[in-house]
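> for reference, the sequence and a predicted model appear below.
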Amino acid sequence: MSLDNINVLFVAGFGPIVQDDAASRELYAELLNISFEEDNGYLHTTELPGARYFALWPLSQAAESCFGHASWPSDIPTPQGWIEFDVEDIEAATATLEAEGYHLLVTAREEPWGQTVTRLIGPNGLLIGITHTPWMRETE
């Protein structure tokens, strides 16, 4: 497998995909004392040392982002977590993944917040984002 067109620059973000919001909030926010900002049930932070971005992503919101509706399809494994790798060239990385036969859920789509993302489910069940995140590159 030749993946010469994929050059990962950094991990843009990661975290669990949650199905029980209350239990997740209790563990991460209360017991582990992680301070989050909240946006419509989406808990996230850029203030966790060692991580550029960490978030509790509700499954319904992950499904909305990938499929345009709040239900995760039964024919695709339900992810337990997510990770995003910012790459040098999102178009080349996406083309390489397609050429290698990966089933892409989202293909180089620009999100409303300005990030471009390609998404797939990895062999271990993680929801993987191959991304171009302009504001994170500005700190490089």
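Everything's here; your move.
> report all helices and strands that the longest strand along the chain contacts.
Identified as the longest strand of the chain according to DSSP state E is strand 8-18. Judged by 3 or more Cβ pairs under 8 Å, 6 or more residues apart in numbering; DSSP states H and E, the packing partners of strand 8-18 are strand 54-58, helix 59-67, strand 81-87, strand 127-132, helix 134-137. Where you see a C-beta, it was placed from the backbone N, CA and C, and this is true even at glycine.
> packing partners of the next helix or strand after that strand?
Remark: after strand 8-18, the chain's next helix or strand is helix 21-25, criterion DSSP states H and E. Where contact means 3+ Cβ pairs under 8 Å, 6+ apart, helix 21-25 is packed against strand 54-58.
> now do the strand it packs on: everything it contacts.
13-19, 21, 24-25, 28, 34, 36, 41-45, 48, 82 (Cβ atoms under 8 Å, 6 or more residues apart in numbering).
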